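S.K.: Okay, structure incoming, though there's no sequence with it:
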């Protein structure tokens, strides 16, 4: 199997996002992805074992890049409040800029099988760890309440961002998702802040 890098690999990943978003995962045939990527059907199998592998790879590729960028931007901030803002803004703005990717992550991944869930688990754990770090820092510095349970707080933060994005996708992305950043950030801050 070819190394998962290069122009053809990237073309297949990007084509898969578009085809899966338009057709749905179950109707997205490998031949349609190949046609959209402008490669021969057989070329896909040089990089991917099957369609599940394509979905896992595209999620890990896109989400991995997002986490790396988000982590760098968070590290540039000095206050916990700013770090939390970057986290909220990055999540919503990334998906608002790529509606096809938003459809894939918010709808198609939810209908996937156990193999796909396991395949994307490591990247999701990295994202959860990043959220946990921001919460932990907030508790340690006294910005957030000391009685917060980090895991429960992370579930609240991720769950809110996830639900807001899913709702936006279900409404055909008809409004500005990023306009929700300030209200969500304020909601989190007032819920998490210490006395």
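M.R.: Here it is on my side, so go on. These numbers were taken from a predicted model, which means no experiment stands behind them. Numbering: from 1, shown residues only.

S.K.: State the distance from residue 10 to residue 34.
M.R.: Here the criterion is Cβ to Cβ, to the nearest Å. By it, residue 10 lies 14 Å from residue 34. All C-beta atoms are positioned from the backbone trio N, CA, C, and that covers glycine.

S.K.: swap that for residue 120, please
M.R.: Taking Cβ to Cβ, one finds residue 120 at 23 Å from residue 34.

S.K.: Tell me, please, where in the chain the pLDDT is lower than the cut-off.
M.R.: Within the chain, the segments meeting pLDDT under 70 span 1-2, 112, 194-195.

S.K.: Tell me the buried residues in the longest helix seen in it?
M.R.: For the chain, the longest helix by residue count, based on DSSP state H, is helix 114-140. Buried residues in helix 114-140, counted by 16 or more other Cβ atoms under 10 Å: 116, 119-120, 123, 127, 130-139.

S.K.: what's the closest of those to residue 61?
M.R.: Distances from residue 61 to the buried residues of helix 114-140, taken as Cβ to Cβ, are shortest for residue 123 (9.1 Å).

S.K.: Now do the buried residues in stretch 40-50.
M.R.: Going by 16+ other Cβ under 10 Å, stretch 40-50 has these buried residues: 43-44, 47-48.

S.K.: Output those residues in TSV; the columns should cover secondary structure.
M.R.: Converted to TSV, the buried residues of stretch 40-50 look like this (DSSP: H, G, I helix; E, B strand; the rest coil):
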residue	secondary structure
43	helix
44	helix
47	helix
48	coil
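
S.K.: Between the residues you listed, which sits nearest residue 95?
M.R.: In terms of Cβ to Cβ, no member of the buried residues of stretch 40-50 lies closer to residue 95 than residue 48, at 23.7 Å.

S.K.: What separation is there between residue 22 and residue 183?
M.R.: Using Cβ to Cβ, we find residue 22 at a distance of 31 Å from residue 183.
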